[in-house]
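Q: coords below, sequence missing:
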(Lines give C-alpha, C1' and ligand atoms only; values in the text may rest on other atoms or scores of the structure.)
Protein backbone atom coordinates (compact mmCIF):
# COMPACT_ATOMS: atom_id res chain seq x y z
CA UNK A 1 0.00 0.00 0.00
CA UNK A 2 1.19 3.50 -0.80
CA UNK A 3 2.11 5.84 2.05
CA UNK A 4 -0.48 8.28 0.67
CA UNK A 5 -3.54 7.50 -1.44
CA UNK A 6 -5.37 10.41 -3.01
CA UNK A 7 -9.00 10.09 -4.12
CA UNK A 8 -10.11 13.00 -6.26
CA UNK A 9 -11.41 14.26 -9.60
CA UNK A 10 -10.08 16.70 -12.18
CA UNK A 11 -13.16 18.96 -11.96
CA UNK A 12 -12.83 19.38 -8.18
CA UNK A 13 -11.11 22.63 -7.13
CA UNK A 14 -10.16 21.32 -3.66
CA UNK A 15 -8.77 18.15 -5.25
CA UNK A 16 -6.60 20.09 -7.67
CA UNK A 17 -5.32 22.26 -4.80
CA UNK A 18 -4.42 19.30 -2.56
CA UNK A 19 -2.85 17.36 -5.44
CA UNK A 20 -0.76 20.37 -6.49
CA UNK A 21 0.37 20.88 -2.90
CA UNK A 22 1.54 17.28 -2.57
CA UNK A 23 3.41 17.52 -5.88
CA UNK A 24 5.01 20.81 -4.81
CA UNK A 25 6.10 19.25 -1.49
CA UNK A 26 7.60 16.24 -3.27
CA UNK A 27 5.17 13.72 -1.78
CA UNK A 28 4.77 10.42 -3.61
CA UNK A 29 1.14 9.30 -3.73
CA UNK A 30 -1.16 6.85 -5.44
CA UNK A 31 -3.91 8.64 -7.34
CA UNK A 32 -7.41 7.18 -7.62
CA UNK A 33 -9.63 9.27 -9.89
CA UNK A 34 -13.20 8.86 -8.64
CA UNK A 35 -14.62 10.34 -11.84
CA UNK A 36 -12.94 7.79 -14.09
CA UNK A 37 -13.45 4.69 -11.92
CA UNK A 38 -16.74 4.26 -10.07
CA UNK A 39 -15.17 1.74 -7.67
CA UNK A 40 -12.75 4.42 -6.45
CA UNK A 41 -15.70 6.69 -5.61
CA UNK A 42 -17.21 3.86 -3.54
CA UNK A 43 -13.87 3.27 -1.79
CA UNK A 44 -13.51 6.96 -0.91
CA UNK A 45 -17.04 7.12 0.45
CA UNK A 46 -16.57 3.94 2.51
CA UNK A 47 -13.39 5.38 4.03
CA UNK A 48 -14.77 8.80 4.92
CA UNK A 49 -18.48 8.10 5.26
CA UNK A 50 -19.10 11.11 3.01
CA UNK A 51 -19.25 11.90 -0.69
CA UNK A 52 -16.86 14.87 -0.33
CA UNK A 53 -13.50 14.79 -2.08
CA UNK A 54 -10.57 14.84 -1.96
CA UNK A 55 -10.06 12.01 0.47
CA UNK A 56 -6.40 11.57 1.37
CA UNK A 57 -5.56 8.32 3.13
CA UNK A 58 -2.32 7.56 4.95
CA UNK A 59 -0.73 4.13 5.42
CA UNK A 60 -1.47 4.32 9.16
CA UNK A 61 -5.22 4.35 8.38
CA UNK A 62 -5.86 8.00 9.17
CA UNK A 63 -7.44 10.14 6.49
CA UNK A 64 -8.34 13.73 5.66
CA UNK A 65 -11.39 14.96 3.76
CA UNK A 66 -11.19 18.32 1.98
CA UNK A 67 -8.15 19.36 4.02
CA UNK A 68 -6.88 22.92 4.13
CA UNK A 69 -3.31 23.40 2.91
CA UNK A 70 -1.96 23.82 6.48
CA UNK A 71 -3.80 20.68 7.69
CA UNK A 72 -2.50 18.60 4.79
CA UNK A 73 1.07 19.86 5.19
CA UNK A 74 0.93 19.15 8.94
CA UNK A 75 -0.33 15.58 8.36
CA UNK A 76 2.39 14.94 5.78
CA UNK A 77 5.13 16.44 7.97
CA UNK A 78 3.97 14.39 10.98
CA UNK A 79 4.61 11.26 8.91
CA UNK A 80 7.95 12.52 7.48
CA UNK A 81 6.55 12.34 3.95
CA UNK A 82 7.58 15.75 2.69
CA UNK A 83 10.37 15.34 0.09
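A: Cool, the structure landed. From a predicted model like this one, the values you see are computed outputs, not experimental measurements.
Q: assign the nearest residue to residue 8 once chain neighbours are set aside to helix, strand or coil.
A: Once flanking residues are discounted, residue 8 sits nearest to residue 15: 3.2 Å by CB to CB, 6 or more residues apart in numbering. Backbone N, C-alpha and C define where each C-beta goes, glycine included. The assignment at residue 15 comes out as helix when based on DSSP: H, G, I helix; E, B strand; the rest coil.
Q: go ahead and confirm residue 15 touches residue 21.
A: No: between residue 15 and residue 21 there is no contact under CB atoms under 8 Å: 10.8 Å.
Q: the more surrounded of those two?
A: residue 15 (23 against 16; other CB atoms under 10 Å).
Q: can you tell me the element the residue most central in space within the chain falls in?
A: Residue closest to the mean C-alpha point of the chain, counted by CA atoms, centre = their mean, is residue 56 at 2.5 Å. Under the criterion of DSSP states H and E, residue 56 resides in strand 55-58.
Q: repeat for residue 51
A: Residue 51 belongs to no helix or strand, assigned by DSSP H and E.
Q: per-residue pLDDT of the closest residue to it other than its chain neighbours, please?
A: Excluding the flanking residues, the one nearest residue 51 by CB to CB, 6+ apart is residue 45, at 5.7 Å. With respect to pLDDT, residue 45 scores 97.
Q: now do the SS call for residue 45.
A: helix.
Q: burial check on it, number of neighbours?
A: Neighbours of residue 45 (other CB under 10 Å): 16.
Q: so it touches residue 53, yeah?
A: No: if you go by CB under 8 Å, residue 45 and residue 53 don't touch, sitting 9.2 Å apart.
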